[in-house]
Structures are given as structure tokens and as C-alpha cells.
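A.B. asks: got a predicted structure here, sequence first:
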Amino acid sequence: MDAAEYDNIAALEGEHWYYAGKRRFVRDWIQRTRPPQPTDTLLDCGAGTGLFAKEMETHCRVFALDDHAEALRMLRTRFRPEQILSLAGDRVPLPDGSLEYVTALDVLEHVPDDAAVVTGFHRLLKPGGLAAVTVPASMALWSDWDVALHHFRRYRRAQLRALFPEEKWEIVYVNYTNVAVYPAVWLVRKWRALRARLGAPATARTEDRLPPRWLNSLLGALFVGMAKWRLPLPFGVSLLLVARRRG
């Protein structure tokens, strides 16, 4: 991810309905499925600015993992040095079966071999430990936003679920999220792509702006509320998966 994108996220994530809502419903699903204890340990992979990991620090012990220089700079402002991890080659420098929780919020789309990353989650978790993952959904929404964030793919539900095979994982929940805004997001991204093909000057991305307070609150409530639905949803801008490591 480009260094400037970290600044964009840092400026918005505290209040923006998407970032705040994503952190909230991942916390809610963790609390609902396996409430953390102070002695439990969570690893947040691709921790970015570290805000989600910092919020989880009130519930359990936390490690924050990232390899980007800009992210590491931001993490150092929030965590002690021993809490900040980088990959050792392609391996997380923690013992097998040492964690109760692994989280990866919009991370798998950034790596070429997402299956290898999920295998790493399985290695790190204790039996019964939880993995909570969010990813962008639907290649129909692929846009300059994905290019700027260095995404390799957007996911279908079946594609994400296949990364967590039944013999190794119990799927607690997998569903599309961010459903209500899908038509608007599709239109905005197709319009922006058309303007680019026609040579029109670039305009500020909608994703980089905080909506008016009333709209921000409404979108956040819809985003979080629908992420609790058990009914399989047919599409969405994002996907959420919660899985328990089998013993």
C-alpha cells in the first residue's frame, strides 16, 4: 500500500462509518463467539495504523504485525517494541499454538498466496482459537481504489470459505457485509473508470471523505447491523469470516 494511503486511513478511521463499523462488528463477533480473557493473546495481522489492535488491548494481550515501513512507524506510537512484529522470511515469529485469536482486517487481498497466510493462522492458533477475517468482495467493484491499495483480488463468498477447509476449521460465520451501499459503490466506481478512459481529470475519491454526520451514522448502523444477520446475503462490498481452529 502506498505511504500516502496510510495517512488517508489514519485521518478517517476514527469516525468513518466503514472503518469504525468494521472494527466494531469484528469485536462483536469475537465477544459473541469466544469472549477474550486478560490472559489470552491476539495477533492482528497487517495491523496498519494499529487502531483495531489498540482497541482490543483493553480485552486481552496484543501483538501487532506489519512489514510496511509507514505502518511500523505508526505502530511504534501506540505499542511497546516487544508488541510489534515483522515477518521472519515468510513466517510470523511466534511459536505454534501460542494464540487464542488471529485477526486480519482487509489483509488477505494484499498477498499473492492467501492460502499460505491462512495456513499460518492455523499454525499459530491453539485448538479452539478464533480467526476473524474481512476482505473486499466482488470483482465487479474492482477500481482505482484497489490498484492504489495494491490489491491482488476481491473475493466471492465461496472463494473465501475455501481458504478455511472443513478438516481444519469450523466456520462460525461467513457472509457478505456492506450490502446497502453496493449499488452506489458500483455506480461511483464505474463512473470513475469511464471518466478515466475518456481522459477527464481525476477527482477526489469518495472513499477519502467523511460523509455528513447524519449519513455517516446511518451508514454505520446499517453496516454493523447487517453484519449480524445469519441469513446468507447475495452480494456486498465486503465479506466477513469467523472460523474456529479444530483440535
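C.D. replies: Sure thing, it's come through. Numbers count the residues shown, from 1 in each chain.
A.B. asks: show me the shaky parts of this structure.
C.D. replies: Counting by pLDDT under 70, the ranges of the chain that qualify are 1-3.
A.B. asks: residue nearest the centroid of the chain?
C.D. replies: In the chain, the centroid-proximal residue (CA atoms, centre = their mean) is Leu105; its distance is 1.6 Å.
A.B. asks: now the closest residue to that residue other than its chain neighbours: how far from Leu198?
C.D. replies: In this structure, Leu105 finds its nearest non-sequential neighbour in Thr134, 5.0 Å apart by CB to CB, 6 or more residues apart in numbering. Glycine gets a C-beta too; all of them are placed from N, C-alpha and C. Thr134 sits 34 Å away from Leu198, going by CB to CB, to the nearest Å.
A.B. asks: ok, Gln83 next?
C.D. replies: On the measure of CB to CB, Gln83 and Leu198 end up 48 Å apart.
A.B. asks: more neighbours: those two, which one.
C.D. replies: Between Gln83 and Leu198, Gln83 has the larger neighbour count (other CB atoms under 10 Å), namely 18 against 7.
A.B. asks: so that one touches Ala64, yeah?
C.D. replies: Yes: Gln83 lies in contact with Ala64 (CB atoms under 8 Å); the separation is 6.0 Å.
A.B. asks: spell out the residue ranges of the strands in the protein.
C.D. replies: Residue ranges of the strands in the chain, as given by DSSP state E, are 41-45, 61-65, 84-85, 99-105, 125-136, 169-177, 238-245.
A.B. asks: what's the angle between the last one and strand 169-177?
C.D. replies: Okay, so that is strand 238-245. Calculated by axes from the mean of the first three to the mean of the last three CA atoms, to 10 degrees, strand 238-245 forms an angle of 170 degrees with strand 169-177.
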